[in-house]
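Novice: quick one: sequence plus predicted model below, questions after.
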Amino acid sequence: PGVLVNRILPLLQSVFLAILVSTLLNGCAIFGAPTELDDTKGWSAQRIYETGATAMAENDYDKALGYFKKLEARFPHGKYAIQAKLEIIYANYKKDDPVSTLVAADRFIKLHPNHPNVDYAYYLKGLATFNERGALEKLTGQQINDRDPKALKLSFEAFKELTQRYPKSRYYEDANQRMIYIVNTLAQHEMHVARYYMNRKAYLAALNRAKYVLEYYPKSASVEDALMTMVSAYDMMDLTDLKNDTLRILKTNYPENPLITGKLVKDERIWWKFWDSL
């Protein structure tokens, strides 16, 4: 009997321990997870805002976002709550989070369309996608004109709305310069694709890309390149009349172009392969 008891006792102890652990775990589930300590409990709106601003100054954007979101939730009205909304836009922008930046900016614009600093929300909205680049692109140093232009077009629209609505904004000049840069970059993107098509003898596709530049980016630095592409595409397709018409336009606007001056020493019919060295 003593031996039997010695064998059963450890087994009973194990069963009891398992029941005890199960009971404790179920108790946790019943009462919920431990409440997170809130260091801002009892703080005024001003104190929360100033603490968030300090975190921003120290480049701790996650911490700053935490304070500003608590401020907005606890004190939804008043100057500090409104300013916190602007700070949330900026913190997300500094975190390289374009999606959250756009959401926060659009929310501010919708809630406070007449706020004296609403132009700042438009400006940050434009910057959000202006600077957007993927990790692989940052690693490889890929040129912006080689990328999908969708993000740049979103940026352009935000800057355009800013300059049209607020011509006296302190951000007007910078936004305008960025718009010029975006237009040139988008035009370069189109010509990058056009050269791709020319190299693959898809002359009609290249021609359409060049025409797109002339139609939508007539003030860009790629207009001359587009006209030259059209001349070559028409030439390769044996459309002599259209080629000559385009040459006249090229001569009128760019009289020093190598196709006009005759200084192009390489095969004019395949000039696009050498354009970067001209």
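Specialist: Now that the structure is in, tell me what you want to look at. Numbering: from 1, shown residues only.

Novice: need the contact list for Tyr197.
Specialist: Under the criterion of CB atoms under 8 Å, 6 or more residues apart in numbering, the neighbours of Tyr197 are 203, 205-206, 209. (Each C-beta comes from the backbone N, C-alpha and C, glycine too.)

Novice: then Ala175?
Specialist: Neighbouring residues of Ala175 by CB under 8 Å, 6+ apart: 123, 126, 159, 162-163, 169.

Novice: show me what counts as buried in the helix or strand where it lies.
Specialist: Element membership of Ala175, judged by DSSP states H and E, is helix 172-199. Within helix 172-199, the residues scored as buried using 16 or more other CB atoms under 10 Å are 172, 175, 178-179, 181-191, 193-195, 197-198.

Novice: Leu152 contacts Asn131, doesn't it?
Specialist: No - Leu152 is beyond contact range of Asn131, at 10.3 Å (criterion: CB atoms under 8 Å).

Novice: who has more neighbours out of the two?
Specialist: Neighbours were counted for Leu152 and for Asn131 using other CB atoms under 10 Å; Leu152 has more, 22 against 14.

Novice: which stretches of the chain aren't confidently modelled?
Specialist: Along the chain, segments meeting pLDDT under 70 span 1-37, 132-148, 263-278.

Novice: okay, now Gly78: neighbour count?
Specialist: Residue neighbour count, defined by other CB under 10 Å, stands at 13 for Gly78.

Novice: in this structure it contacts Ala45, no?
Specialist: Yes - counting by CB under 8 Å, Gly78 does reach Ala45; the two are 6.2 Å apart.

Novice: what about the contacts of Ala175, which are in helices?
Specialist: If you go by DSSP state H, these have 123, 126, 159, 162-163 in helices.

Novice: okay, those in CSV with distance to Glu87 next?
Specialist: Formatted as CSV, the ones in helices among the contacts of Ala175 follow (distance: CB to CB, whole Å):
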residue, distance to Glu87
Tyr123, 14
Gly126, 18
Phe159, 21
Leu162, 19
Thr163, 24
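
Novice: make a markdown table from those and add neighbour count to it.
Specialist: Shown next, in a markdown table, are the ones in helices among the contacts of Ala175 (neighbours: other CB atoms under 10 Å):
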| residue | neighbour count |
| --- | --- |
| Tyr123 | 25 |
| Gly126 | 27 |
| Phe159 | 27 |
| Leu162 | 26 |
| Thr163 | 20 |
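
Novice: from those, which is closest to Pro98?
Specialist: For the ones in helices among the contacts of Ala175, the minimum distance to Pro98 (CB to CB) is 10.9 Å, reached by Gly126.

Novice: from Tyr166, how far off is that closest one?
Specialist: From Gly126 across to Tyr166, the span is 12 Å (CB to CB, to the nearest Å).

Novice: before we move on, what about Lys95?
Specialist: Separation of Lys95 from Tyr166 (CB to CB): 26 Å.

Novice: show me which of the two is the more surrounded one.
Specialist: Neighbours per residue, other CB under 10 Å: of Lys95 and Tyr166, the larger number sits with Tyr166, 17 against 14.

Novice: hang on, the more buried one packs against Tyr122?
Specialist: Yes - counting by CB under 8 Å, Tyr166 does reach Tyr122; the two are 7.5 Å apart.

Novice: quick revisit: include secondary structure, distance to Thr246 and neighbour count when you put the contacts of Tyr197 into JSON lines, please.
Specialist: As requested, the contacts of Tyr197 are exported to JSON lines (DSSP: H, G, I helix; E, B strand; the rest coil; distance: CB to CB, whole Å; neighbours: other CB atoms under 10 Å):
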{"residue": "Tyr203", "secondary structure": "helix", "distance to Thr246": "13", "neighbour count": "20"}
{"residue": "Ala205", "secondary structure": "helix", "distance to Thr246": "17", "neighbour count": "16"}
{"residue": "Ala206", "secondary structure": "helix", "distance to Thr246": "13", "neighbour count": "25"}
{"residue": "Arg209", "secondary structure": "helix", "distance to Thr246": "14", "neighbour count": "24"}
